[in-house]
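[1] pasting the structure only:
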């Protein structure tokens, strides 16, 4: 490291950023073990809320629904959005195109929600998890596309031409040259899409079917919040966080096993 | 490459994305756009009488002042997110490769819980009887609790918290593209670190800065939950305004006119920003 | 790295799929099944289970957070998939006029006769043509009797609070109830469509904003319990949730009068199981079931037999449960505003945007 002092300062800053990000998370984890139902005072340790959570089928199935919606819409949006970014990069700048990929980011959720529900109703599409996925992909495609495009600026395209001139197939060129260059963008885009989808509830509420089979976690929480955040809700959030953390650890382990 | 080859390639790259957006964005929203030229029925719903009244109503100082105030809050949030997020993204993106993904995922992990739950955690932290105020009073720093909640400070804090990760992601994507050799070469030539940063790193990461800023700005200006919960409903933002027209007033035509004016205005801002970034980069390239 | 990311998303996807599959189990084939949309926690948790046991009709619960939300969804989607909706009175009027809800067949709801006579003929829906009342009540002031110096009895105690209450009061944010506080304080109707009256109420509410802690529709009672607020604008039934936590909390209807709201059950026009939907409404109206509802949600129900069978100690703890239909009828019923809704929304926007 060339500038150890600078890097140490940066590391200190990063530490503070993590503190900021995890402060509220710590609060919600602690509250999930609080005996009292109101988040006003600590009244003693209790695991009661976890028991209640495990008996609350509606909440648990909504968590499952959210994970399905978020992961599938992320997969769709990441692949389509990446292709779109590559395609736009090869065209001459066009205001219309820029507009079309920008609108999904800025359009108010409620407008997209009502528009899509009216559209699905008109076409007699049955509503369910699939219609939420289709809808979430709309804004996710735009976000992924925007992130990937930041990688494509100043990307030296002559490498691609050279590779093709040397006889490599286009697919091979994509896998060996383009993908490694844009990969951090694709990864960042996928994380962004997943995060947006996990939290979105207005579009999800409107495009979900009636009944609990396609109720997502944010919809459930939004309805439950009438009574404030009970420790039960905090218990679910803690559980979801713990579950994601384990998955990440696991995938890191697997990953290390394959690529040294 | 042959002409047909090029056409096929474009179709493969652009087809799915543009098709998806045409089908699930342009067509459905086109209908809503059309609504903006009709009247609200007596009980909600649409009265199919052509009118420009909705747009005339939208040009009202009340709505303009709401837009300006929201833009101010969103811009402040964006600037803070950039200041806080850039150094963090820089450290992650220039660190050892095997640590990049775990560090990045650690930034995102809190955001896989739930927006409302996290917002309520902030209420627990910030309210008058809350943890921060109690801690400050206990250590004797203040005597009476500070008004940390139900004001614009709380809104900006909440929005910054909610959207900082998106800034970090966009910047990470852009910074990790930088060749370490460029920085090293500049340093070898005796340039001090900050100079290398200003002259080399910053200009090359402008696309990431631009993208991250757009994310934070548009997500903040459209948010309606944070102003309600952390702002105590005392501040209206554009997001609340449009949400209320569609759901509380059940006035879809007027809500649509406000929404499309917002979209138009934001597009203008975006093009202005893209133009400025291009120009800045063009000048750098020539210099 | 690429493989890791792929594996990660695949792992999440697989785990989620497994989770839902195990939770959903195999659906039981039933002859009839209805979907009900209600607020979360607004009926006993095992009510639907008991309904299925007693009638053989499957019932599924879908939750909505607000009237506005479910109204928006039913308007855009035509109400497909839903059979019974729980919505508040002004929305019944709008839904009926938009032909989104069905006319009720009274022959299939014999238990209608258990309702108080007052509940059979409400202004927003005479003769229960489209809706059946589920719970009713009024709006007023909910306060900590140990934290206020004088017991409040007027809307002005909320809108122009004494110095020790400044910054310790909250108001409801939903347009109709926020405006009602201002209109009633000035002696006007909660359904006023007179622009001058609306403007006067708006001015009063903008002034009141300076002494307000926050607008709050959901957690006002926990603010009372924590002492963050001392006096809040609240629905009677909801104040009871505060009383349950702290007996020093009391409820009062201001002397200038207040609104009367009714939460109702309606059947969507799109319902394909109208018989089963009628059967559900009829089931709720049984005295022992409706009394069970009242005890569970702590709201008054408009069912005479049910209210008479209520445990007297409950009324002692939660005095507003004892309010008679006669007393309720003296309050003003909320009606749909028609074209004047626009003026209300604008007034509320001006209030919340005021600095």
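    Arrived safely. Note that the structure is a prediction, hence the values are computed from the model and not measured. Numbering: from 1, shown residues only, chains lettered A, B, ... in the order given.

[2] how deep is the residue of the stretch 51-200 of chain A found nearest chain C tucked in, by neighbour count?
    Per Cβ to the nearest Cβ, residue A:67 is where the stretch 51-200 of chain A lies closest to chain C, at 3.2 Å. Using the backbone N, CA and C atoms, a C-beta is placed for each residue, glycine as well. For residue A:67, the neighbour count with other Cβ atoms under 10 Å in any protein chain shown is 28.

[3] quick check: it vs residue A:216, distance?
    Applying Cβ to Cβ, to the nearest Å, the value for residue A:67 to residue A:216 is 9 Å.

[4] now the residue of the stretch 151-287 of chain B at minimum distance from chain C: how far from residue A:183?
    Nearest residue of the stretch 151-287 of chain B to chain C, counting by Cβ to the nearest Cβ: residue B:232, 2.8 Å away. In this structure, residue B:232 and residue A:183 are 44 Å apart, going by Cβ to Cβ.

[5] neighbour-wise, which of these two wins?
    Taking other Cβ under 10 Å, residue B:232 and residue A:183 do not tie; residue B:232 has more neighbours (22 against 18).

[6] okay, strands next: where are they in chain A?
    Under the criterion DSSP state E, chain A contains no strands.

[7] low-confidence regions, it specifically.
    Along chain A, the parts satisfying pLDDT under 70 run over A:1-3, A:39-41, A:154-157, A:227, A:254-260.

[8] pairing partners for the residue in chain C positioned nearest to chain B in the sheet, please.
    Nearest to chain B in chain C, going by Cβ to the nearest Cβ, is residue C:214, at a distance of 2.8 Å. Beta bridges link residue C:214 to residue C:170 when assigned by DSSP bridges.

[9] for it, give its distance to residue B:103.
    On the measure of Cβ to Cβ, residue C:214 and residue B:103 end up 37 Å apart.

[10] the more surrounded of these two?
    Using other Cβ under 10 Å as the criterion, residue C:214 and residue B:103 rank with residue C:214 on top: 27 against 19.

[11] tell me the contacts of the more buried one?
    Listed by Cβ atoms under 8 Å, 6 or more residues apart in numbering or on different chains, the contact set of residue C:214 reads B:149-150, B:232-234, C:170.

[12] cutoff 10 Å now
    By Cβ atoms under 10 Å, 6 or more residues apart in numbering or on different chains, the contact set of residue C:214 is B:123, B:127, B:149-151, B:228-234, C:167, C:169-171, C:173, C:220, C:223, C:228-229, C:232.

[13] tell me the pLDDT at it?
    In this model, residue C:214 is scored at 95, pLDDT.

[14] quick one, what contacts residue A:142?
    With contact taken as Cβ under 10 Å, 6+ apart, residue A:142 is in contact with A:77, A:81, A:84, A:100-107, A:193, B:17, B:21, B:25.

[15] just give the nearest non-adjacent residue to it, would you?
    residue A:104 (3.8 Å; Cβ to Cβ, 6 or more residues apart in numbering or on different chains).

[16] what of residue A:81?
    residue A:144 (3.0 Å).

[17] you'd agree residue C:142 is up against residue C:246?
    No. Contact criterion Cβ atoms under 10 Å: residue C:142 and residue C:246 do not qualify, at 11.0 Å.

[18] overlap of the contact sets of these two?
    What both residue C:142 and residue C:246 touch, as defined by Cβ under 10 Å, 6+ apart, is the set C:221, C:224.

[19] neighbour-wise, which of these two wins?
    Neighbour count, other Cβ under 10 Å: between residue C:142 and residue C:246, residue C:142 has more, with 28 against 16.

[20] for that one, helix, strand, or coil?
    strand (DSSP: H, G, I helix; E, B strand; the rest coil).

[21] for it, list each beta-bridge partner.
    Going by DSSP bridges, residue C:142 forms beta bridges with residue C:232, residue C:251.

[22] contacting residues around it?
    Counting by Cβ under 10 Å, 6+ apart, residue C:142 has contacts C:152, C:170, C:220-221, C:224, C:229, C:231-236, C:238-243, C:249-252, C:320.

[23] can we see that at 6 Å?
    Residue C:142 makes contact with C:232, C:234, C:239, C:251, according to Cβ atoms under 6 Å, 6 or more residues apart in numbering or on different chains.
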